[in-house]
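Student: coordinates only, no sequence provided:
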């Protein structure tokens, strides 16, 4: 699907339809609309964007990979519904074997973000929760692809993203 990258694109993708984006900030909303976050789309607060093919991401997403972006916690805002988040934490399945906490909407089950011991003072958000779909083709297009050895054989590498085995360290 091609988007006109010169303008914002807010398709019917959640129950509230009140997402927004500016030159420097945008919203991410769960499927039912109970939880909404604001995050930076550039500058110091946006750390990186990436696709992950690790087995943990396969399971947590019910898909073959996760498309993510990392923001500094100091730049992440809970606009509504923080009390509607439920957390699930464990350290058995992440490749780092370090604690990873997943924050889901209690109402619809959307995974909004993850917080891990490997990323102190940062949150890992899902590109698929971003309300302005144009951003996934522009400012949030993945720059890195992790765990390429775990990518399913019928998927292609992310065009233009640096390819890394494991976390690349």
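Tutor: Good, I have the coordinates. Keep in mind it's a predicted model, so treat the numbers as computed, not measured.

Student: what's near enough to touch the residue nearest the centre of the chain?
Tutor: What sits nearest the mean C-alpha location of the chain, by C-alpha atoms, centre = their mean, is residue 126, with 1.7 Å. Taking C-beta atoms under 8 Å, 6 or more residues apart in numbering, we find residue 126 in contact with 28, 66-68, 111-113. C-betas here are computed from N, CA, C, even on glycine.

Student: make it 10 Å
Tutor: For residue 126, the contact set (C-beta atoms under 10 Å, 6 or more residues apart in numbering) comprises 28, 60-61, 66-69, 110-114.

Student: pLDDT check: weakest of those residues?
Tutor: Least confident of the contacts of residue 126 in the model: residue 60, at 80.

Student: picking that back up, for ChimeraX, write the select line for the buried members of the contacts of residue 126.
Tutor: To isolate the buried members of these in ChimeraX, using 16 or more other C-beta atoms under 10 Å:
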select :28,60,61,66,67,68,69,110,111,112,113,114
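
Student: mind listing the helices for the chain?
Tutor: 55-61 (DSSP state H).

Student: tell me where the model's unsure across it.
Tutor: Across the chain, the ranges flagged by pLDDT under 70 are 1-7, 10-14, 93-94, 169.

Student: next, please give the residue ranges for the strands of it.
Tutor: Using DSSP state E, the strands of the chain run over residues 25-29, 36-40, 46-52, 66-72, 77-80, 85-90, 100-105, 111-116, 122-126, 144-146, 162-163.

Student: turn the contacts of residue 126 into CSV, including distance to residue 75.
Tutor: As requested, the contacts of residue 126 are exported to CSV (distance: C-beta to C-beta, whole Å):
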residue, distance to residue 75
28, 13
60, 23
61, 24
66, 21
67, 20
68, 16
69, 12
110, 21
111, 20
112, 15
113, 13
114, 16
